[in-house]
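The following comprises the amino acid sequence and a computationally predicted model.
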Amino acid sequence: MEISLLPLDLARWDQAPGAELCLAPVWSDVRPLRGVAGLCDWRLNGHLSERLREERFTGARGERLLLPTRRLPWKAVLALGLGSTRDFDDDRFREALDTAFSVSKGLQAATVAAGLPGRDTGKVDPERAAALFRLAASERDSVTTLTLVDTPAALKIIGELLGVGSAARARAARPATGV
């Protein structure tokens with residue numbers, strides 16, 4: 001699996017290469033949405049927030065919602081319910097990634113971007129996220145290219161621990177130019 005890094009920055013997302021799917025973890029007890037889910041929702045004109053208000057999606061553990069996109073570099077966003085923040089642990093992190101990889105395989109999505117579960121709220125620090133991700137991803141072959149999305153500081157740590165090249169870490173840390 002080829003791994004790249006992409007900061008939580010809409011200007012950088014606009015410059016990112018396209019992919020088939022983006023994993024956006026969503027908590028049942030965190031509003032407004034944060035991290036990847038929050039920025040995706042912004043670009044989706046609040047469609048994810050609308051589903052939450054209507055209770056058509058709640059962020060309950062294991063719940064999934066697939067949203068097509070036009071204003072993001074991904075064809076679709078998979079909002080994945082993580083449940084309550086107080087019940088989150090390493091097993092739930094792995095469970096969320098297992099679900100995301102299974103959905104990706106079912107959709108035949110080989111290029112995926114992902115916010116790692118628990119990173120948006122600090123429930124999982126970058127070091128632990130890298131270790132847990134390494135274990136979960138080692139058993140997967142359906143995803144050929146994975147872009148991890150997080151803050152530049154976290155991406156620096158995660159990238160170093162996962163052995164992502166220094167050029168990719170430098171691109172992730174560099175501020176966006178242009179618009």
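Received the coordinates, thanks.

Tell me how many other residues surround residue 146.
When neighbours are defined as other Cβ atoms under 10 Å, residue 146 has 21 of them. Every C-beta, even on glycine, is put in place using the N, C-alpha and C of the backbone.

For it, what is the enclosing helix or strand?
Assigned by DSSP states H and E, residue 146 belongs to strand 145-150.

And the helix or strand just after that strand, what does it pack against?
As assigned by DSSP H and E, the chain's next helix or strand after strand 145-150 is helix 152-162. Other helices and strands packing on helix 152-162, by 3 or more Cβ pairs under 8 Å, 6 or more residues apart in numbering; DSSP states H and E, are strand 2-7, helix 126-137, strand 145-150, helix 166-173.

Using CSV, lay out these together with distance to residue 55.
Putting the helices and strands packed on helix 152-162 into CSV (distance: least, Cβ to Cβ, whole Å) gives the following:
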stretch, distance to residue 55
strand 2-7, 31
helix 126-137, 30
strand 145-150, 27
helix 166-173, 36
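
Would you quantify the distance from residue 33 to residue 68?
18 Å (Cβ to Cβ, to the nearest Å).

max-length helix in this protein?
The residue-count maximum for a helix in the chain (DSSP state H) belongs to helix 90-106.

Extract the CA atoms of that helix and return them as CSV.
The C-alpha coordinates for helix 90-106 follow below in CSV (Å, rounded to 0.1, in the frame of the first residue of the first chain):
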residue,chain,number,x,y,z
ASP,A,90,-8.0,0.8,20.6
ASP,A,91,-10.5,-2.0,19.7
ARG,A,92,-13.0,0.6,18.3
PHE,A,93,-10.2,2.3,16.3
ARG,A,94,-9.4,-1.1,14.7
GLU,A,95,-13.1,-1.9,14.2
ALA,A,96,-13.6,1.4,12.4
LEU,A,97,-10.7,0.8,10.1
ASP,A,98,-11.8,-2.7,9.4
THR,A,99,-15.2,-1.4,8.4
ALA,A,100,-13.7,1.3,6.2
PHE,A,101,-11.4,-1.2,4.5
SER,A,102,-14.3,-3.6,4.0
VAL,A,103,-16.5,-0.9,2.5
SER,A,104,-13.7,0.2,0.2
LYS,A,105,-13.2,-3.4,-1.0
GLY,A,106,-17.0,-3.7,-1.6
